[in-house]
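**Student:** need a 3D model of the following:
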Amino acid sequence: MTNRKMFFTMLWGAVFRRRSRAMMAVIASLVGAATLFCLASVCVAVPQQMNEEMRAYGANLIVTPASATGKSQGIDTATVRNVTALIGAGHSVKSAAYRYESVRINSAPYTIAGVDVKAVRALNRHWNVTGDWPGSGNVMVGRDVADALGVKVGSRVTIGYRAADASASASSSASAKSDSDESTETAESSAQGTQSTQTTQGEQTTQATENGRVSSDIMDNNGTEFRIAGIVDTGGNEDSIIYATTADVSKLAGHERGADVVEYSVNAMGDELNDIVNNINRSADKNPNSAVKAQTVTRITSSDTRIIAMLQTLFWIVSLVVLVLTLVGVGTTISSIVSQRRNEIGLRKALGADSRAIGVEFYVESGIYGLIGGLLGTAIGYVLARVLCATVFGRAIGFDWLLGAGSLLLSVAIAVIASIPPVRRATRIDPAIVLREE
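**Tutor:** Model prediction:
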């Protein structure tokens, strides 16, 4: 019998003669591999999954006009299409445009937003709406507006448009979408927009007086009657806004113009999202006639990054603990196996076996335990990861073959490394002492 054949014969006997001990080593590797693969799969999938989940809570990027002329005319449809195409290159994106105007209800000032209902509804799935979304002749009011007016779904309100109020409408509403540092810039630019609006105020007032939509009297309650189709309650700035279709707002104001704010929910975060913002701003610099300014909604993006970083840190800490426990478990099992074979090792050394050959046999045996445990553990870990992602995120994840290969190699490496101390002790056994004990 050749040395190689004898080696595999002894290895086979060592594994299957002590099936209970071998099973313990395999189980220790299996548990470690299953836990590590599950955590690693979830940790890799979490940023993407969390980013998609957070997109249901509103926009993470907004675009506003950058020039004074743009603020009075809004962002035209062609510019919106170009910006959307620029953002959508390589990313999934949802967008919604808002045209803001200042109106009066019972002589009190309110802000009305002209929107594409379908787009806003898709972008803001977290909005809690009682009743229906706005339609032709129907508006949706925020909870604060409903409480102030004392109205409910089905009530009717008369909304009047005043040109004197229109100048502050867009800037105040746009600033609600960004943080305090960005609001300062919006407020400064709104003053420029006011000058432009005042220039054409006389023309607008004349037109609106003819069709009855505009009043210059602060106590004038004339206007257009709308039915309240629904009430939106978000706990944010949306609760103080009235929502109507873009067509109804244009009809109420007596003229059409572009959007004051375009909100985007982009499937990107961190530096990737900042690169998109920089590309938009650079593109706008090259075409001043359609210049827009893009900025991230810091409140949303910082929350995304913070939550994902916390989850990933937690996963890696748990993975490290599991790795240590796996080393201890496999090492303890291998140590028990070696101690049971102490007499065999002493006899083989007395017959002239080399310590290196004995050590290699134990290392290969440990590697086999790690390989079997890694295969089974990776399969179980993938099932656990799929169940976890389906339960928490409602989405399935695919099998990461690179991660699977890494799990197998790590399981074998852990088993071999864990066996080094007991094997080193075993190869130092004095055969004379072992034989004397026999």
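**Student:** now do the strands in the stretch 151-300 of the chain.
**Tutor:** Taking DSSP state E, counting those that start in this stretch as the test, the strands found in the stretch 151-300 of the chain are 156-161, 224-233, 241-245, 261-266, 292-296.
**Student:** which of those sits closest to residue 119?
**Tutor:** Relative to residue 119, the nearest member of these by CB to CB is strand 261-266, separated by 9.1 Å. For the C-beta atoms, the positions are set from N, CA and C on the backbone; glycine is no exception.
**Student:** quick one: residues contacting the residue nearest to residue 73 when sequence neighbours are not counted.
**Tutor:** Leaving aside its sequence neighbours, residue 73 sits nearest to residue 257 (CB to CB, 6 or more residues apart in numbering; 5.5 Å). Residue 257 makes contact with 72-74, 99, 250, according to CB atoms under 8 Å, 6 or more residues apart in numbering.
**Student:** and the longest helix along the chain with strand 292-296, angle?
**Tutor:** Identified as the longest helix of the chain according to DSSP state H is helix 298-340. With axes from the mean of the first three to the mean of the last three CA atoms, to 10 degrees as the basis, helix 298-340 and strand 292-296 are set at 40 degrees to each other.
**Student:** can you name the element that comes right after helix 298-340?
**Tutor:** With elements assigned by DSSP states H and E, the helix or strand that comes after helix 298-340 is helix 342-350.
**Student:** which strands or helices does that following helix pack on?
**Tutor:** The contact analysis (3 or more CB pairs under 8 Å, 6 or more residues apart in numbering; DSSP states H and E) places helix 342-350 against helix 355-392, helix 401-427, helix 431-437.
**Student:** so which of the ones you listed comes closest to residue 153?
**Tutor:** Residue 153 lies closest to helix 355-392 among the helices and strands packed on helix 342-350, at 34.6 Å (CB to CB).
**Student:** where in the stretch 301-438 of the chain is pLDDT low?
**Tutor:** Within the stretch 301-438 of the chain, the set of residues satisfying pLDDT under 70 comprises 301-305, 433-438.
**Student:** if we go to 50?
**Tutor:** Applying pLDDT under 50 to the stretch 301-438 of the chain flags no residue at all.
**Student:** contacts only, for residue 21.
**Tutor:** Applying CB under 8 Å, 6+ apart, the residues near residue 21 are 333, 336-337, 340.
**Student:** now the helices for the stretch 151-300 of the chain?
**Tutor:** Applying DSSP state H, counting those that start in this stretch to the stretch 151-300 of the chain gives helices spanning 163-166, 169-175, 180-199, 201-211, 246-253, 270-286, 298-340.
**Student:** quick one: mean pLDDT for the first one?
**Tutor:** This predicted structure assigns helix 163-166 an average pLDDT of 62.
**Student:** next, count neighbours for residue 140.
**Tutor:** 29 (other CB atoms under 10 Å).
**Student:** list the contacts of the helix or strand where it lies.
**Tutor:** Assessed by DSSP H and E, residue 140 sits inside strand 138-142. Residues outside strand 138-142 that contact it (CB under 8 Å, 6+ apart): 112, 129, 131-134, 149, 151, 157, 159, 226-234, 238-244, 248.
**Student:** over to stretch 239-249?
**Tutor:** Residues from elsewhere that reach stretch 239-249 (CB under 8 Å, 6+ apart): 97, 99, 101, 103, 110-117, 120, 133-145, 159, 173, 226, 232-233, 252.
**Student:** end to end on that stretch, go ahead and measure it.
**Tutor:** End-to-end distance for stretch 239-249, by CA to CA, to the nearest Å: 18 Å.
**Student:** list the buried residues of that stretch.
**Tutor:** Buried positions in stretch 239-249, judged by neighbour count with 16 or more other CB atoms under 10 Å: 239-246, 248-249.
**Student:** can you list the low-confidence ranges for the stretch 151-300 of the chain?
**Tutor:** Across the stretch 151-300 of the chain (using pLDDT under 50), the flagged ranges come out as 168-216.
**Student:** quick one on the thing from earlier: which ChimeraX command selects the buried ones in the contacts of strand 138-142?
**Tutor:** The following ChimeraX line selects those of the contacts of strand 138-142 that are buried, judged by 16+ other CB under 10 Å:
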select :112,129,133,134,149,151,157,159,226,228,229,230,231,232,234,238,239,240,241,242,243,244,248
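**Student:** name the single longest strand found in the protein.
**Tutor:** Ranked by number of residues, the top strand in the chain under DSSP state E is strand 93-105.
**Student:** from the contact counts, what lies against that strand?
**Tutor:** Where contact means 3+ CB pairs under 8 Å, 6+ apart, strand 93-105 is packed against helix 77-87, strand 108-115, helix 117-123, strand 156-161, helix 163-166, helix 169-175, helix 246-253, strand 261-266.
**Student:** can you redo the ones you listed as CSV with distance to residue 44?
**Tutor:** Output for these, formatted as CSV (distance: least, CB to CB, whole Å):
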stretch, distance to residue 44
helix 77-87, 25
strand 108-115, 37
helix 117-123, 27
strand 156-161, 51
helix 163-166, 50
helix 169-175, 37
helix 246-253, 42
strand 261-266, 21
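**Student:** residue 281 is nearest to which of these?
**Tutor:** Taking the helices and strands packed on strand 93-105 one by one with CB to CB, helix 77-87 is closest: 10.6 Å.
**Student:** buried residues in that closest one?
**Tutor:** Those would be 79-80, 82-84, 87, for helix 77-87 by 16+ other CB under 10 Å.
**Student:** what comes into contact with stretch 116-128?
**Tutor:** By CB under 8 Å, 6+ apart, stretch 116-128 touches 56-59, 94-98, 133-135, 232-234, 238, 243, 245-246, 263, 265.
**Student:** how about a cut-off of 6 Å?
**Tutor:** If you take CB atoms under 6 Å, 6 or more residues apart in numbering as the criterion, stretch 116-128 is touched by 56-58, 94, 96, 133-134, 232-234, 265.
**Student:** convert the C-alpha atoms of that stretch to CSV, please.
**Tutor:** Output of stretch 116-128 as CSV, limited to C-alpha atoms (Å, rounded to 0.1, in the frame of the first residue of the first chain):
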residue,chain,number,x,y,z
ASP,A,116,-49.5,66.1,-10.8
VAL,A,117,-51.5,63.9,-8.5
LYS,A,118,-50.2,60.6,-9.8
ALA,A,119,-46.6,61.7,-9.5
VAL,A,120,-46.9,63.1,-6.0
ARG,A,121,-48.8,60.1,-4.8
ALA,A,122,-46.1,57.7,-6.1
LEU,A,123,-43.4,59.8,-4.5
ASN,A,124,-44.9,60.3,-1.1
ARG,A,125,-46.4,56.9,-0.2
HIS,A,126,-46.0,57.7,3.5
TRP,A,127,-48.7,60.4,3.4
ASN,A,128,-51.7,59.6,5.5
